[in-house]
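**Student:** return atomic coordinates for the entry below.
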Amino acid sequence: MRWMWRSIVAMALTAVVTGASAARADCTLVLGWEPYAVYTFVKRGSILTGADIELIRAAAEEVGCTLQYREYGWHRILEQLKEGRVDVATSATRSHERERYATFSVPYRRAEMAIYVRRGESGRFNIPSLHALAGTDFRLGTIGGYEYGAPFSGLVLDPAFGDRVRPAATYKAALRRLVDGRIDGFLTEDIGVMVAEARALGIEAEVERYPLALPGQEIRFMFSRASVDPAIVAAFDDSLTRMKADGRIRAIIDKFLK
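**Tutor:** Numbering: from 1, shown residues only. From the prediction side, this is the model:
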């Protein structure tokens, strides 16, 4: 009986491995991306690169998947993920809403959140917490469709707070509103992107970080539930775990943050 049990186990394991290998042999993933400073951008007019791009390419190679690239705005990426027309996006944060249509990798970095105001104006405002903005005349810029964490998502349901929020389509649009005086502060979910975008616009010297500590969020790959097999997500998790342990993730990110 023991030899029969060992044979059954061996056959089951072989089936699992063979199934995973077959899935990976025909694995092509459509990556939806938008310009996102040091993480996803085009250089010399046509070369898609950035820390996220190098990272997901390295992970995909280990997993045995090929990547195709489609540029959309963030709202469109989310819609395409829901429909399975886009398979994966990078620099995503997990939320209950997104988990209805997406699965998430293990985190590969942690973003730092902050409010930026016009340089020299931090002393104008008394903001001990985000909640304190409710009922004030402070106009808070954000990026529409971006995830700022559960506390913020709860706050915007309160009209006294939500009326203060001014969503923009992109970082560049939000920063222009800030320096033009159309908003009083810009809530950035990732200061690395904020600094790079302000530098690219030539306005880095015109803004400053407001001294309010805000919790950062874990950043992950986001996969469409409609089109990506959970075994593929698990394989990416294994790859990211190895790359984090051997220092490759840190090396890739540091190369672009210099």
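
**Student:** quick one, helices of the stretch 51-200 of the chain?
**Tutor:** Secondary structure of the stretch 51-200 of the chain, counting by DSSP state H, counting those that start in this stretch: helices at 51-63, 74-83, 150-155, 159-162, 171-180, 191-201.

**Student:** out of these, deepest packed?
**Tutor:** Among the helices of the stretch 51-200 of the chain, helix 51-63 has the highest mean neighbour count (mean count of other Cβ atoms under 10 Å), at a mean of 21. For glycine as for every other residue, the C-beta is placed from the backbone atoms N, C-alpha and C.

**Student:** would you format the helices of the stretch 51-200 of the chain as JSON lines with mean pLDDT and distance to D137 included?
**Tutor:** As requested, those are arranged in JSON lines below (pLDDT from 0 to 100; distance: least, Cβ to Cβ, whole Å):
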{"stretch": "helix 51-63", "mean pLDDT": "98", "distance to D137": "37"}
{"stretch": "helix 74-83", "mean pLDDT": "96", "distance to D137": "28"}
{"stretch": "helix 150-155", "mean pLDDT": "90", "distance to D137": "17"}
{"stretch": "helix 159-162", "mean pLDDT": "94", "distance to D137": "12"}
{"stretch": "helix 171-180", "mean pLDDT": "96", "distance to D137": "16"}
{"stretch": "helix 191-201", "mean pLDDT": "93", "distance to D137": "24"}
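
**Student:** wait, which of those is closest to V30?
**Tutor:** Nearest to V30, of all these, is helix 74-83, at 8.2 Å by Cβ to Cβ.

**Student:** so which elements touch the closest one?
**Tutor:** Judged by 3 or more Cβ pairs under 8 Å, 6 or more residues apart in numbering; DSSP states H and E, helix 74-83 is in contact with strand 27-33, strand 88-92, strand 217-224.

**Student:** for the stretch 1-150 of the chain, which segments count as strands?
**Tutor:** For the stretch 1-150 of the chain, applying DSSP state E, counting those that start in this stretch gives strands covering 27-33, 41-43, 47-49, 65-71, 88-92, 102-104, 109-111, 114-118, 140-143.

**Student:** mind listing what the residue nearest in space to the middle of the chain touches?
**Tutor:** Geometric centre of the chain, nearest residue: S91, 2.0 Å, by Cα atoms, centre = their mean. If a contact means Cβ atoms under 8 Å, 6 or more residues apart in numbering, then S91 has 36, 39-40, 52, 111, 190, 219 as its contacts.

**Student:** follow-up on the earlier one: out of the strands of the stretch 1-150 of the chain, which is closest to D229?
**Tutor:** Going by Cβ to Cβ, the one of those nearest D229 is strand 27-33, 8.4 Å.

**Student:** send me the closest one as CSV with only the CA atoms.
**Tutor:** C-alpha atoms of strand 27-33 as CSV (Å, rounded to 0.1, in the frame of the first residue of the first chain):
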residue,chain,number,x,y,z
CYS,A,27,2.2,33.2,-20.5
THR,A,28,1.9,36.6,-22.1
LEU,A,29,0.9,39.5,-19.9
VAL,A,30,-0.3,42.9,-21.0
LEU,A,31,1.2,45.6,-18.7
GLY,A,32,-0.8,48.8,-18.4
TRP,A,33,1.4,51.7,-17.6
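
**Student:** low-scoring stretches of this structure, by residue?
**Tutor:** 1-25 (pLDDT under 70).

**Student:** and it, what are its domain boundaries?
**Tutor:** 2-110+218-257, 113-215 (automatic domain parsing).
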